[in-house]
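>>> Here you go, sequence then predicted model.
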Amino acid sequence: MGEGIAGWVARHGQLLIVPNVEGDARFSSRLDEITQVKTRSVICVPLRSKHRVLGVIQLVNANVEMSEQEIFFLQALCDYAAISIENARASRRFRN
């Protein structure tokens, strides 16, 4: 939590599009070093449910030139993913 761009998104709960990570102080190259993948751009979307962040979906080297409609669709997909995660957690609690 709090490390890198995804960590910032997790902490703040806000979608973030970074067209050039080299110019962003929040970027951490630790995963690049492990995976040997060069990150150029990032789109990070929080998975929010009940006003809390469950996780982050991070798109690396994706086309950051997204329309408002595409951003809305991506956020909606992440909202549904968060609902599914919450439902799975609730189901697990009821079974135990």
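Nice, I can see it.
>>> so for the longest helix along the chain, what's the average pLDDT?
If you go by DSSP state H, the chain has its longest helix at helix 68-95. Helix 68-95 comes out with an average pLDDT of 87.
>>> Can you mark which positions in that helix are buried?
The neighbour-count check on helix 68-95 (16 or more other Cβ atoms under 10 Å) flags Leu74, Cys78, Ala81, Ala82 as buried. Any C-beta I mention is one placed from the backbone N, CA and C, and that applies to glycine too.
>>> give the contact list for the closest residue in space to the second one that isn't next to it in sequence.
When you say that, I think you mean Cys78. Distances taken as Cβ to Cβ, 6 or more residues apart in numbering put Val45 closest to Cys78, at 4.5 Å, once the chain neighbours are dropped. Residues near Val45 by Cβ atoms under 8 Å, 6 or more residues apart in numbering: Val9, Leu15, Val56, Ile57, Gln58, Leu59, Leu74, Gln75, Cys78.
>>> what packs against the longest helix of the chain?
strand 42-49, strand 52-60 (3 or more Cβ pairs under 8 Å, 6 or more residues apart in numbering; DSSP states H and E).
>>> Return the most buried member of the ones you listed.
strand 42-49 (a mean of 22; mean count of other Cβ atoms under 10 Å).
>>> circling back: can you tell which of the helices and strands packed on helix 68-95 is closest to Thr35?
When these are compared by Cβ to Cβ, strand 52-60 sits nearest Thr35, at 9.4 Å.
>>> quick one on the thing from earlier: and the longest helix of the chain, how far from the chain's centre?
Chain-centre distance of helix 68-95: 13 Å, with Cα atoms, centre = their mean, to the nearest Å.
>>> And stretch 25-35, by the same measure?
For stretch 25-35, the distance to the chain centre is 15 Å (Cα atoms, centre = their mean).
>>> tell me the average confidence for it?
pLDDT averaged over stretch 25-35 gives 90.
>>> Flag every buried residue along it.
Neighbour-count burial for stretch 25-35 flags Arg26, Phe27 (criterion: 16+ other Cβ under 10 Å).
>>> Likewise for stretch 7-22?
For stretch 7-22, burial by neighbour count (16+ other Cβ under 10 Å) applies to Trp8, Val9, Ala10, Leu15, Leu16, Ile17, Val18, Val21.
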